[in-house]
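1. here is the input, now give the coordinates:
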Amino acid sequence: MYSKRLITAVLTLLLIALFASGLPAQRQRRGGGPAPDVIYYNAKVVTVDERFSYAQAIAITGDKFSAVGTNESTRRLAGPNTRQIDLRGMTVIPGLADNHLHNAGGGPGVDLSRTRTIDDAIKAVGNRVRRAEPGEVVISNSDWHEAQLKEQRLPLRRDLDQVAPMTPVVLVRGGHEYVLNSAALAKWNITKATLQPAGGRITRYPDGELNGELVDTAKSLVALPADKPRTLEQRIQGQIAEYNKLHAVGLTAVRHPGDSIDNYRMRKEMARRGLLTMRVTQLLRLGGTPAAIEQTLKSSGLSPGDGDALLRLGGMKMAVDGGFEGGFMRNPYEEPYGEGGTFRGLQTMPPGQFNETVRLYNRLGWRVFTHAVGDAAIDEVLTGYEAANAEASIVGKRWGIEHAFIGRADHLPRMKKLGLLLSLQDHLYLAGPSLVRYWGTQRAFLTTPVRMYLDAGLPVSGGTDASVVPYSPLWVIYHFVTRDTISGGPMGVDQKISREDALRMVTRNHWYLTFEENTKGMIAPGRFADLVVLPEDIMTVPAERIAQMRVMMTMVGGKVVYRDADFRKFTPE
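-> Have a look, this model is predicted:
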């Protein structure tokens, strides 16, 4: 007689075998896991793994890569329902990321991004002025720079007055500067007697008359017309449209520096509804005294670790100096911008206030990333971080510096001792010639010394600072590989880096910013399936082709978020 225990065991095994035999075939593969949902083969796969290895094919199951290898070994994993797509020799790279992106494009004003001469810019403004309503202020978009213009200078007040003698005009240039015509200066009662605010600049022509340029905190003298209120639904639709534009250039992840709590909550709502297709890291930027900041954080209910693999808070954004025309330097600007050796740039936050605020953030557990352009600004940031570190160590918490244009050798050991990360962008590509005029050749050619930072063993990531610089991540790779600029030729070629290092900057290195380097940023089994398909081999094509290369497909978490029209012709949905 068999025991009841033995009979039960045999029946259980029979039931398990019967159940397994009835499983759908597509759920079976070698090793017992599910068959891939999709396999891409006949590709050059640049994995950006530790050895920077290459493969022919990838398999994706759910939202992760499940296999990377040869055509034969990867296709062997397919089940009956696995889609197999022949990439016909195209290149696959990890999804591209931008470490400092405000928005895609410079807004709805007069588009100056395509102008190439002063005359182009003035004509564009004049065309808009002719359609202006009485009392209307004409505003430009912000993603343009005078270095793109043949004359290599700003359109100033007297230029604008030619086409707008009565209509107020404000040119918004990047995030740090306005240029006003005479009507706009009059509207806001800005005269030669107006005092420059601390951290700002009101500039003049050589004859002493105002030229209309307002820099950094001087912009507060102007109250631009408020945007029309938008409902939550309108804001969400606008964000969807913006992320779609970014997917089309290969971006699968962006880091928004210094955005609002309200916008973070909007993106959380998008994620909740399944509408967020971009991986987003957001830095908060809060104003006011340390006490006011602490109260704002307390009432918000947000914590430093808020978020998930799709959307998360990455820390706090601060700033201590201006931009191209206001970076705070140890030595004066070149003349005439140095104003007789007296102008070294702008301190937009007093050191005492900065130090107190970073100590507060450290006590509350928030990481800090600070905008610092000039070498004196980097000095100020390091001193503030060291003060915070003296109270409670920030080492290993991955604090960082945004931009770090003019890094010096004496900065490097201090950065390393604090364990800082560097968030770098391709500003020089657009603004190079202007920086020569502001700072002189030596400082301009040093701008964003990536090679120096890498040689020092500092972690660096890459981005654009869009809309200050156009948002293509391929421009970032091209610039750091060549040090080329749009209108001034290569600058600082001793700071060139390899294509491997440049690709790491906008893929895996991005994820060190949020401690996610073990789940994102490379093509390997178990990593999130974020990828970009390119028509040519980015590692071997002539360098000038990199900046102009089309993106064929972009994928985030196993879902296609962009496909080029030509790519659609031979690939299924």
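
2. now for the residue nearest to Val215 when sequence neighbours are not counted: which residues touch it?
-> Closest residue to Val215 apart from its sequence neighbours, by CB to CB, 6 or more residues apart in numbering: Arg201 at 3.9 Å. C-betas here are computed from N, CA, C, even on glycine. For Arg201, the contact set (CB atoms under 8 Å, 6 or more residues apart in numbering) comprises 213-216, 218, 325-326, 346.

3. Ala309 now?
-> Each residue near Ala309 by CB under 8 Å, 6+ apart is listed here: 279, 516, 519-520, 528.

4. just the buried subset of the residues you listed, please.
-> Neighbour-count burial (16 or more other CB atoms under 10 Å) is assigned, among those, to 279, 516, 520, 528.

5. so where does Val45 fall, helix or strand?
-> Assessed by DSSP states H and E, Val45 sits inside strand 44-46.

6. give me the number of residues near Trp475?
-> By other CB atoms under 10 Å, 22 other residues sit near Trp475.

7. ok, for it, nearest residue in space, not its chain neighbours?
-> Using CB to CB, 6+ apart, the closest residue to Trp475 is Ala547 (5.3 Å).

8. that neighbour against Val476, yeah?
-> No. Using CB atoms under 8 Å, Ala547 makes no contact with Val476, being 9.4 Å away.

9. settle it for me: which of those two has more neighbours?
-> Neighbour totals were compared for Ala547 and Val476, and Val476 leads with 28 against 18 (other CB under 10 Å).

10. secondary structure of the residue nearest to Val215: a strand, I assume?
-> Yes. Under DSSP: H, G, I helix; E, B strand; the rest coil, Arg201 sits within a strand.

11. what strand or helix carries the nearest residue to Phe52 once chain neighbours are set aside?
-> Counting by CB to CB, 6+ apart, Phe52 lies nearest to Glu500, which is 5.3 Å off, once chain neighbours are set aside. Using DSSP H and E, Glu500 sits in helix 499-505.

12. determine how far the next helix or strand after that helix lies from the middle of the whole chain.
-> As assigned by DSSP H and E, the chain's next helix or strand after helix 499-505 is strand 531-534. Its chain's C-alpha centre lies 18 Å from the corresponding centre of strand 531-534 when counted by CA atoms, centre = their mean, to the nearest Å.

13. if we can go back for a sec, and the contacts of Ala309, which two are the farthest apart?
-> Across these, no pair lies farther apart than Arg279 and Thr519, at 10.7 Å, counting by CB to CB.

14. tell me who's in contact with the residue nearest to the spatial centre of the chain.
-> Closest residue to the average C-alpha location of the chain: His100 at 2.7 Å, with CA atoms, centre = their mean. Applying CB under 8 Å, 6+ apart to His100 gives the contacts 255, 257, 402-403, 423, 425, 463-465.

15. run the last query once more with 6 Å
-> 257, 423, 425, 463, 465 (CB atoms under 6 Å, 6 or more residues apart in numbering).

16. now, those residues that are in helices?
-> The members of the contacts of His100 all map outside helices under DSSP state H.

17. quick one: Leu149 and Gly341, what's the gap?
-> To Gly341, Leu149 is 28 Å away according to CB to CB, to the nearest Å.

18. so Leu112 touches Asp143, yeah?
-> No. Using CB atoms under 6 Å, Leu112 makes no contact with Asp143, being 8.2 Å away.

19. assign Ser66 to helix, strand or coil.
-> Going by three-state DSSP, the secondary structure assigned to Ser66 is strand.

20. for it, what are its contacts?
-> Shown in contact with Ser66 (CB under 6 Å, 6+ apart): 36, 59, 525.

21. which parts of the helix holding Glu500 are buried?
-> Of all the residues in helix 499-505, those buried under the rule 16+ other CB under 10 Å are 499, 501-505.

22. what mean pLDDT does that helix get?
-> For helix 499-505, mean pLDDT rounds to 98.

23. can you show me the CA trace of it as CSV?
-> Extracted in CSV, the C-alpha atoms of helix 499-505 (Å, rounded to 0.1, in the frame of the first residue of the first chain):
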residue,chain,number,x,y,z
ARG,A,499,33.9,59.3,-28.7
GLU,A,500,33.7,56.6,-26.0
ASP,A,501,34.0,59.2,-23.2
ALA,A,502,31.6,61.5,-24.9
LEU,A,503,29.0,58.8,-25.3
ARG,A,504,29.4,57.8,-21.7
MET,A,505,28.8,61.4,-20.7
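
24. need the per-residue pLDDT for His145.
-> 84.

25. whoops, Tyr2 was the one
-> At Tyr2, the model reports a pLDDT of 42.

26. equivalent analysis for Arg344, please.
-> According to the model, Arg344 scores 96 on pLDDT.
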